[in-house]
Every structure is written in C-alpha cells, then in structure tokens.
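**Student:** Need a 3D model of the following:
(one chain, ligands or ions: 2)
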Amino acid sequence: MIQPMIQPVIQPVVPPMIQLRDVRKSYSRGTESVLACAVDRLDIAAGEQVALIGRSGTGKTTVLHILAGILRPDQGSIEAVGRRLDQMSESARDRHRGRHIGMVYQTFNLLQPFTALENVLLGALFGRGAGSDSRARAEALLQQVGLGDRMHHRPRELSVGQVQRVAICRALVNDPELILMDEPLGNQDRATGGQVLDALLQLATRGKKTVVMVTHDPESAKRMQRTVDLATLRGATPVVAAAGGSS
Ligand SMILES: Nc1ncnc2c1ncn2[C@@H]1O[C@H](COP(=O)(O)OP(=O)(O)OP(=O)(O)O)[C@@H](O)[C@H]1O
Ligand SMILES: [Mg+2]
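**Tutor:** Ligands and ions are numbered 1, 2, ... in the order given. As a prediction, this is how the structure comes out:
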C-alpha cells in the first residue's frame, strides 16, 4: 500500500529579540537591601513594538539598563540581539550595545561641550564607527524631529524637550536592531510628542526594528503593538512601589 506523503508543517519562526528569565537586581544600602527589579519571564520577538509601563520606582529603568547591558543583575539570564548578556564581560556588553542597541536614557546623558549634531555623531563613533554617511544620517534625523535649525546649539542652549529629541537621534544614528527608550517623550507637548513618535515608529516599522519604550502616557502606549506592565512580570518576591508613584 502506498502511504500518503506527510507534508511537514513549516511554521515561520520569529527569532526572539529579548528573553529574560528569573532576573533579580537588588541594591544594598548599609544593612538594607532594595529589590530594584524582579522579572520571571519576558519575551519580545524581533520587530515587536512594546510599551513598558509600571508605577514609579518599580524597576522600569533598571530593566532597560539590564537589557542594554549597562547593569548586570544578581541572577538570571538575559538574551538581547542574539547574545547572552549575563555571560559577557562589561567591555563585550559595551561593544554589543554600541553595535546593536540604541538607548534613550531617562536623563538624556548628552555631553555638554558638544553641539546637538556632534552629540548625535558621537553615538555613531561609539557604535559602528562614524563613516562618511554618518553626518548625513545625523542631520536627517535631527531634521526629522524638528531640530534642523538647532544642530549647532549646545545642550544648555536647547530646551529640555529639544535635548530629549537630540538623545532620540543619538540612539537611532547607528540604525540599531533594538531601540530602548526610557520615557523618550516625557518632556514634549502632545503635538510634538505625537510627531516624534510617528517618525520613530515609521522608522522602526520600515527597518523591522524592535522597540521597547517606557512610558507613563496611555496615548503613547496605545500606539505600540503591545503593552507590558512590569507588575505582571514579577516573581514571588514583591517589589514595593514608591509611595505616590504615578500610573
Ligand atoms: N543606585 C541605586 N541604589 C539604591 N537603590 C536604587 C538605585 N537605583 C535604583 N534604585 C531603586 O530601585 C527601584 C527601581 O528604580 P528604577 O529607576 O528602575 O524605577 P522606575 O520604574 O524607572 O521609576 P520611574 O518611573 O520613577 O522612572 C527604586 O525603588 C529605586 O529607589
Ligand atoms: Mg525610570
């Protein structure tokens, strides 16, 4: 008897961009230990655009810094852009971040002596290396976020919202696969914030980038494909939210 041929079922496999397992990070202050973040499990697929929400002090910045390889947790495994960050040295993590990850810090972290354009170009220098097209890309990004006429201003000559937009351009200048943003629109008015987010998401969608954006703004969160509440990722050990924290 002739057996019918069994067709293998081929399912598209979306590679994980981020996988966290049993991650814990505490800080010690004298005899006291502060649990800064606890994530049992977090999976984000390549190309996903995710809003990370949670009350103030629950560990959103800490998680982003762990994902960027800036902070090493006390325990747990972290995979980001194809590498196990928990198994890498600090300098290897720094190189990996420079090449593959764009980070917008909650505190911006621009260098004061340099102009907006130079700050964005420094992002390229510390990443894949500033090539001849870096300047054109940096200028195009600054123009896209409405800073075409502020490129040669230093951070102290810019408004807080403008500095924040420069920080966004610096994170994008290397065309990273993974974009991590810590309340990147916190200092924008609604119209400007909406325009910057439009530009960001367009860029991310076109380039199939993965985006994790911390936000306290429900409207911004709605624009992302998925919202992850940090409180739902925590393990048996509770994380105590700061009193009076928002959203
Ligand atoms: N260097 C540190 N030493 C001690 N505790 C710290 C340190 N950094 C952060 N923490 C504590 O870890 C917890 C998480 O901080 P984190 O900055 O990740 O919160 P967050 O969710 O980003 O808050 P926000 O929404 O206010 O930005 C907080 O309770 C904070 O006090
Ligand atoms: Mg924070």
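**Student:** residues near the nearest residue to Pro184 once chain neighbours are set aside, how many?
**Tutor:** Setting aside the residues directly before and after it, Pro184 is nearest to Val104 in space (CB to CB, 6 or more residues apart in numbering), at 4.5 Å. C-beta coordinates here come from the backbone N, C-alpha and C atoms, glycine included. Neighbours of Val104 under the rule other CB atoms under 10 Å: 25.
**Student:** likewise the one 3 residues further on?
**Tutor:** Burial of Thr107, expressed as a neighbour count using other CB under 10 Å, amounts to 8.
**Student:** Now do it against ligand 2, distance only.
**Tutor:** 9 Å (CB to the ion, to the nearest Å).
**Student:** ok, now Ala45?
**Tutor:** Distance from Ala45 to ligand 2, by CB to the ion: 24 Å.
**Student:** those helices in the protein, which residues are they?
**Tutor:** Per DSSP state H, the chain has helices spanning 60-68, 90-100, 116-125, 134-144, 160-172, 190-206, 218-223. These are given in chain order.
**Student:** Of all those, which one comes closest to Leu178?
**Tutor:** Closest approach to Leu178 among the helices of the chain is made by helix 90-100 (6.2 Å; CB to CB).
**Student:** does the residue nearest to Pro184 have beta-bridge partners, and which?
**Tutor:** Met181 (DSSP bridges).
**Student:** isn't it right up against Asp182?
**Tutor:** Yes: Val104 lies in contact with Asp182 (CB atoms under 8 Å); the separation is 6.1 Å.
**Student:** Number of residues surrounding the residue nearest to Gln164 when sequence neighbours are not counted?
**Tutor:** Nearest non-adjacent residue to Gln164, counting by CB to CB, 6+ apart: Asn187, 5.0 Å away. Close neighbours of Asn187, defined as other CB under 10 Å, add up to 16.
**Student:** how many neighbours does the closest residue to ligand 2 within the chain have?
**Tutor:** At 3.2 Å from ligand 2, Thr61 is the closest residue in the chain, using CB to the ion. Thr61: 20 surrounding residues under other CB under 10 Å.
**Student:** Quickly note the distance from it to Leu180.
**Tutor:** For Thr61, the distance to Leu180 (CB to CB, to the nearest Å) stands at 10 Å.
**Student:** what does Cys37 give?
**Tutor:** For Cys37, the distance to Leu180 - CB to CB - is 14 Å.
**Student:** Kindly report the same for Ala80.
**Tutor:** 9 Å.
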